[in-house]
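S.K.: here is a sequence with its predicted model. Questions after.
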Amino acid sequence: MGKRVGRFFIALLQRVVFSFEQFGRHEMANHAAGGAYAFLLSAMPALLIIVYISSRIYGAMDMDASSVAVFLEPYLGDFGAGEVTRVFLDKPVTGLAGLFGAVNLIWAARLFVVSIQRGLRVIYRDTAATSALRENLLTFAVELVLMFAVVVLISGVQILRALVDLLQWQAAREFFGGLSLAVLKLLPYLALWLFVYLTYRSIPKYKPKNRYALLAATACVLAYALFGAFLGLFLNTARYGLLYGIFGNLISGLLKVFAFFWLYFFCAELMYASEFFDVMLFSRFSRLATTHGKTNRIESFLFANPARLFRRFACSYEKGDIIFRRGDKDNRVLYLHQGRVAIYLDDPEAVPDAAPASGLAGAPAGGSAGQHPPRQPVAEMAAGAFFGEMAALLEEERSGWAVATEDSLVFVLPAGMFERYLASAPTESRKLIHLLAERLKANNERLRQDGRYSGGGV
């Protein structure tokens, strides 16, 4: 049990380290700032439209509109605008104001959605570009759903309060009244969670697995709630005057908006690192294996000998063991961690065809005329080399034999994992191209020496 818990926390720490590295490499802080800026531009027009629609509905139904201000207080309180909302709701907002808010919302909301799309596209950089039509449709869909949901929630809260007031039993009134307040406080976080989860699942062309999107969205909202509570401990604007209170609320609101988008993109990186964890872990492990100890202690502790990779992919071979044969229907790629491996085009265990005897008549039967040297390998692999990759790249059967010439430790990687590794490591892709070119050159030289090749380079 203790080992399992230890492995869990080490794996979690490895994912967090990968996420921080990717966050900095992709410059996600800039995308977070862009998302916060676009959100602030689109938030005010959206709230204006919500107030306009709500005031019209409540005015037509002759209902108390104070619940609208109560609902919007969690969003506007940080900006010191709660009283302004109540002023707006004293009388219906004009249609010109609603039209002005709609036009600004269309422009600002598109900027907001595009900023989110660009950030996620950088994280999932192998995805294709999204069409402008899809971006606009997504923008309208998100804003329409959001406004409809907010208006429904405002009306639902008013109906719930009316039902609570109809209760005659005081204990029931207190219970359901407290329950309605708790639901009202949780609604903003639920709305944020739905926004994070749905955008994680719908915006990238590559759809992340559902469990990773759920965990990332939950981690994002929980971290944001903890940040808000921590900020509230040190920034209590109630003790200050009106002027400082408004500025304090404004600064607090800006910090919360930026923190949310910072956490949004960081958790998106965490979602990517969780889904492709084995690829990223192997990439770091293989790089450290070739640095010959030139790493810091923390990196060495986390990535030098990852138990997860050894459990899932490592295989041991003794000297003389055949790792694969020609004709095997296996497209996995092998990485030699320790030992040496020889590659043969022909079966190394088969006896070559005997050449015609050229000795004198009466030569001893045990002479060297009928003996042949062992087959020579076309390549010899040392630690840190890939082999067997042609079957994965060409999607064909094995074209040769691989034999361990020493006791060897080999990592057997699925073809999809190897392709993702090459896509995420351009340096390794260039090394592979160079390696394939060197092998082709060496094979051409052998064929030339055997008299079976007379052409130029391929």
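M.R.: Yep, that arrived. Please read these numbers as outputs of a predicted model, since none were measured by experiment.

S.K.: quick one: the strands in the chain?
M.R.: 314-317, 322-324, 333-338, 341-344, 379-381, 386-387, 401-404, 408-413 (DSSP state E).

S.K.: of the ones you listed, which stretch is the most buried?
M.R.: Mean neighbour count (mean count of other CB atoms under 10 Å) peaks for strand 401-404 among the strands of the chain, with a mean of 24. Using the backbone N, CA and C atoms, a C-beta is placed for each residue, glycine as well.

S.K.: what helices and strands are in contact with that one?
M.R.: strand 322-324, strand 341-344 (3 or more CB pairs under 8 Å, 6 or more residues apart in numbering; DSSP states H and E).

S.K.: reformat those strands as TSV; add distance to Pro208 and mean pLDDT.
M.R.: Below are the helices and strands packed on strand 401-404 laid out as TSV (distance: least, CB to CB, whole Å; pLDDT from 0 to 100):
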stretch	distance to Pro208	mean pLDDT
strand 322-324	34	93
strand 341-344	37	92
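
S.K.: turn these into a markdown table, including distance to Arg332.
M.R.: Below are the helices and strands packed on strand 401-404 laid out as a markdown table (distance: least, CB to CB, whole Å):
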| stretch | distance to Arg332 |
| --- | --- |
| strand 322-324 | 9 |
| strand 341-344 | 14 |
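
S.K.: contact partners for the nearest residue to Arg420 once chain neighbours are set aside?
M.R.: Leaving aside its sequence neighbours, Arg420 sits nearest to Val279 (CB to CB, 6 or more residues apart in numbering; 4.7 Å). Residues near Val279 by CB atoms under 8 Å, 6 or more residues apart in numbering: 417, 420-421, 424.

S.K.: and those as a markdown table, adding neighbour count, distance to Leu233 and pLDDT?
M.R.: Below are the contacts of Val279 laid out as a markdown table (neighbours: other CB atoms under 10 Å; distance: CB to CB, whole Å; pLDDT from 0 to 100):
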| residue | neighbour count | distance to Leu233 | pLDDT |
| --- | --- | --- | --- |
| Met417 | 16 | 45 | 91 |
| Arg420 | 20 | 43 | 88 |
| Tyr421 | 23 | 45 | 89 |
| Ser424 | 16 | 40 | 79 |
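
S.K.: closest to Leu336 out of these?
M.R.: Tyr421 (15.2 Å; CB to CB).

S.K.: could you measure from that closest one over to Arg308?
M.R.: 15 Å (CB to CB, to the nearest Å).

S.K.: could you list the low-pLDDT ranges of the stretch 351-458 of the chain?
M.R.: 351-374, 447, 450-458 (pLDDT under 70).

S.K.: got the domain ranges for this protein?
M.R.: Per automatic domain parsing, the domain ranges recorded for the chain read 2-275, 306-348+375-449.

S.K.: closest one to Arg287 among the ones you listed?
M.R.: Of all the domains of the chain, domain 306-348+375-449 comes closest under CB to CB, at 8.4 Å.

S.K.: the closest one: end-to-end distance?
M.R.: Using CA to CA, to the nearest Å, the end-to-end distance of domain 306-348+375-449 comes out at 45 Å.

S.K.: which residues touch Gly339?
M.R.: Gly339 neighbours (CB under 8 Å, 6+ apart): 317, 383, 404-410.

S.K.: could the residues you listed be laid out in CSV, adding distance to Val16?
M.R.: Output for the contacts of Gly339, formatted as CSV (distance: CB to CB, whole Å):
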residue, distance to Val16
Tyr317, 35
Ala383, 30
Ala404, 37
Thr405, 41
Glu406, 38
Asp407, 36
Ser408, 33
Leu409, 29
Val410, 30
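
S.K.: so which residues of the stretch 101-250 of the chain form helices?
M.R.: Ranges of helices within the stretch 101-250 of the chain are 132-166, 170-202, 210-234, 242-275, based on DSSP state H, counting those that start in this stretch.

S.K.: got the angle for the shortest one vs helix 242-275?
M.R.: Just to be clear, that refers to helix 210-234. Here helix 210-234 runs at an angle of 150 degrees relative to helix 242-275 (axes from the mean of the first three to the mean of the last three CA atoms, to 10 degrees).

S.K.: what's around Met28, how many residues?
M.R.: Met28 sits with 23 neighbouring residues when counted by other CB atoms under 10 Å.

S.K.: swap in Pro426?
M.R.: Count around Pro426 with other CB under 10 Å applied: 9.

S.K.: any stretches of the stretch 201-350 of the chain with poor pLDDT?
M.R.: 235-249, 292-294.

S.K.: among the domains of the chain, which is nearest Thr290?
M.R.: domain 306-348+375-449 (5.1 Å).

S.K.: so how far is Glu380 from Leu302?
M.R.: 32 Å.

S.K.: got it, and Ala391?
M.R.: Taking CB to CB, one finds Ala391 at 19 Å from Glu380.

S.K.: same deal with Val5?
M.R.: 43 Å.

S.K.: likewise for Leu48?
M.R.: From Leu48 to Glu380 the distance is 73 Å (CB to CB).

S.K.: one more: Leu99?
M.R.: 76 Å.
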